[in-house]
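> Mind looking at a prediction? Sequence and model below.
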Amino acid sequence: MEYDQSYHYQVMARAIEAIDAQADMPLTLAYIAAQMDMSPAHFQRVFSQWVGVSPKRYQQYLTLGHAKSLLSNRFTTLATAQEVGLSGSGRLHDLFLKWEAMTPGEYAKAGADLSIFWGWFDSPFGPALVMGTDRGICGLAFSAEMGADEAIVDLTRRWPNATFVEAPNRLRNWAEATLTAKGDTCLHMIGTPLQLKVWEALLRIPSGHVTTYSEIADSIGHPKAVRAVGTAVGRNPVSLLIPCHRALRKSGALGGYHWGLPVKRAILAWESARADAAASAETRPSRQ
């Protein structure tokens, strides 16, 4: 039986709740499956299909301590991230990204004379609202935590003078490439000069890795502007593609996430599990 990706995220969100409720003890496959109202075999099949590893192994990626582990083992220094970031396969698999930013003058017009198309798409992390211009995607929001209406309000108020047109077919190729991390897509970013610098730094963090807000501040030449950097990370309008979920506090705390911390945890866990599964596959002896 096939399920859409949003269904998998709904199961994931319920699994996070179950794990959090018993944070002091590991949970058996049978226990988590019962919380999901599934048989153990069905639950294991759904999780393995979604992320590529078993539920038992996946549990370690969902714990709150996983962020600290990422900082210890997969911390990215942005000064040297270019080779494994934008130009390498570690960022978003084989996704080819073309980046374009509005000029300061265009930004100041708050979207005047700009047509922004929008539509809803299925994603591994629940329903995704995608917005874009003729030049590329300018907004991507997850509504699983905040709700569809609030997601639309959140993105549209960023460009109050734009004309918004519901036209998912105009965005489908870019949206599907982004949400499956395969194919070609374009970004048309609309932000202040500082925001654009921060968002470009985020693009250098490889999939399955993390960095800190202070590291981002250092990399853009503003080491004392950690709070401003945090604000810019939070104002990123294109979730997942510009990976603000990979920015953590030095303590290992997750920090904020505009589209909901459960979504951030699920994305980090999903990326980590897939990275480990891929690494295991590469080191496994081939059968001749």
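Okay, I see it. Quantities reported herein were computed from a predicted structural model and do not represent experimental measurements.
> Show me the strands in the chain, by range?
Listed in chain order, the strands of the chain (DSSP state E) span 96-101, 115-121, 128-133, 136-142, 163-166, 184-189, 211-212, 247-248.
> Minimum distance to Phe43: which of those strands has it?
Nearest to Phe43 among those is strand 136-142; the distance by Cβ to Cβ comes to 23.2 Å. All C-beta spots, glycine's among them, are computed from the backbone N, C-alpha and C.
> Send me that closest one as CSV with only the CA atoms.
Presented in CSV, the C-alpha positions along strand 136-142 are these (Å, rounded to 0.1, in the frame of the first residue of the first chain):
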residue,chain,number,x,y,z
GLY,A,136,12.2,31.1,-9.1
ILE,A,137,10.9,30.1,-5.8
CYS,A,138,10.6,32.9,-3.3
GLY,A,139,8.7,31.2,-0.4
LEU,A,140,8.3,27.7,1.0
ALA,A,141,6.4,27.1,4.3
PHE,A,142,5.3,24.0,6.2
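> Let me know the angle separating that strand from strand 184-189.
Put simply, strand 136-142 runs at 90 degrees to strand 184-189, going by axes from the mean of the first three to the mean of the last three Cα atoms, to 10 degrees.
> Can you give me the buried ones in the helix ranked longest in the chain?
Across the chain, the longest stretch assigned as helix under DSSP state H is helix 261-283. By 16 or more other Cβ atoms under 10 Å, the buried positions in helix 261-283 come out as 262-276, 278.
> how about those, which pair is most distant?
Pro262 and Ala278 (24.5 Å).
> wait, Asp122 sits on Ala128?
Yes: between Asp122 and Ala128 there is a contact under Cβ atoms under 8 Å: 7.3 Å.
> So the two - more neighbours on which side?
Ala128 (25 against 16; other Cβ atoms under 10 Å).
> give me every residue that touches the more buried one.
Contacts for Ala128 (Cβ atoms under 8 Å, 6 or more residues apart in numbering) come out as Trp120, Phe121, Asp122, Leu140, Ala141, Phe142, Ser143, Ala175, Leu179, Leu240.
> give me that answer again for 10 Å
Taking Cβ atoms under 10 Å, 6 or more residues apart in numbering as the criterion, Ala128 is in contact with 5-6, 119-122, 140-144, 151, 175, 178-179, 239-240, 259.
> Just give the nearest non-adjacent residue to Cys138, would you?
Excluding the flanking residues, the one nearest Cys138 by Cβ to Cβ, 6 or more residues apart in numbering is His188, at 4.8 Å.
> just the angle between the longest helix of the chain and strand 136-142, please?
Going by the same axes, to 10 degrees, helix 261-283 makes 110 degrees with strand 136-142.
> Show me what helix 261-283 is packed against.
Counting contacts by 3 or more Cβ pairs under 10 Å, 6 or more residues apart in numbering; DSSP states H and E, helix 261-283 packs against helix 5-21, helix 40-51, helix 55-62, helix 66-73, strand 136-142, strand 247-248.
> Show the average pLDDT along the first one.
When the per-residue pLDDT values of helix 5-21 are averaged, the result is 75.
> Let's see that helix as CSV, backbone CA atoms only.
C-alpha atoms of helix 5-21 as CSV (Å, rounded to 0.1, in the frame of the first residue of the first chain):
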residue,chain,number,x,y,z
GLN,A,5,4.7,11.9,2.2
SER,A,6,2.4,14.0,4.4
TYR,A,7,1.1,10.8,5.9
HIS,A,8,4.6,9.8,6.8
TYR,A,9,5.1,13.1,8.5
GLN,A,10,1.9,12.7,10.5
VAL,A,11,3.2,9.4,11.8
MET,A,12,6.6,11.1,12.5
ALA,A,13,5.0,13.8,14.6
ARG,A,14,3.1,11.3,16.7
ALA,A,15,6.2,9.3,17.2
ILE,A,16,8.1,12.4,18.5
GLU,A,17,5.3,12.9,21.0
ALA,A,18,5.5,9.3,22.1
ILE,A,19,9.3,9.5,22.5
ASP,A,20,9.2,12.8,24.4
ALA,A,21,6.6,11.3,26.8
